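[1] following is a predicted model, sequence given first.
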Amino acid sequence: MTDLRWTPSLVEERLAEAADTLRRLPEVRIQGHASTWPPYIQECWSAEDVTLRRPPPSAAAITRMDEALQWLRLLDPTDARIVWLRANGEPWKVVCWKVGLARSAANEHWLFALCIIAWQLNGRRVPRNRSRRQTITDIQAALR
């Protein structure tokens, strides 16, 4: 993956894919409990509880998900929470309510976090002693 030039938008797409992959993983079931009734009778009994699910993710998607989830460790916990909530498709109003920030501040934290991940995935050190806005501007200019 070293030949891929990471951008904040690529990082955002990969995190959204990771959230989708995590939702598609099979449910955890209790081991040791089984029914002796045939499956078609069990399906009739639970017909009202049927929820359609997409097929389980591929092994490659799960590997990419594991890799993307590790990226959240590179961030401040608040920034990681904002990035993960947005990757799950939460609207900004819900994100702001959950993290206790205004919309503009939450957006700045989110953009800063995506830039930091992209910067580090490209093998560069994060600039220190700069404001978030200046860091975002510098990183976006360097990634163009």
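    Yep, that arrived.

[2] what's the local residue count around the nearest residue in space to P127 that is not next to it in sequence?
    Using C-beta to C-beta, 6 or more residues apart in numbering and skipping the chain neighbours, the partner closest in space to P127 is T135 (5.7 Å). The way it works is simple: take the backbone N, C-alpha and C, and place the C-beta from them, glycine included. Residues lying near T135 (other C-beta atoms under 10 Å) number 19.

[3] burial measure for R133, as a count.
    11.

[4] what's the answer for the one 5 residues further on, then?
    If you count neighbours by other C-beta under 10 Å, D138 ends up with 14.

[5] try I136
    18.

[6] what of A142?
    13.

[7] how about residues contacting the host helix or strand of it?
    Using DSSP states H and E, the element containing A142 is helix 132-143. With contacts defined as C-beta atoms under 8 Å, 6 or more residues apart in numbering, helix 132-143 is touched by 5-8, 108-109, 111-112, 115-116, 118-119, 122, 124, 126-127, 130.

[8] next: stretch 16-34.
    Contacts for stretch 16-34 (C-beta under 8 Å, 6+ apart): 53-57, 61-62, 64-65, 68-69, 84, 87-89.

[9] same question, stretch 82-99
    By C-beta under 8 Å, 6+ apart, stretch 82-99 touches 12, 15-16, 18-19, 72, 75, 78, 81, 101-103, 106-107, 109-110, 113-114.

[10] end to end, how far does it reach?
    One end of stretch 82-99 to the other measures 7 Å (C-alpha to C-alpha, to the nearest Å).

[11] list the buried residues in it.
    Using 16 or more other C-beta atoms under 10 Å as the test for burial, stretch 82-99 gives I82, V83, W84, L85, R86, A87, N88, E90, V95, C96, V99.
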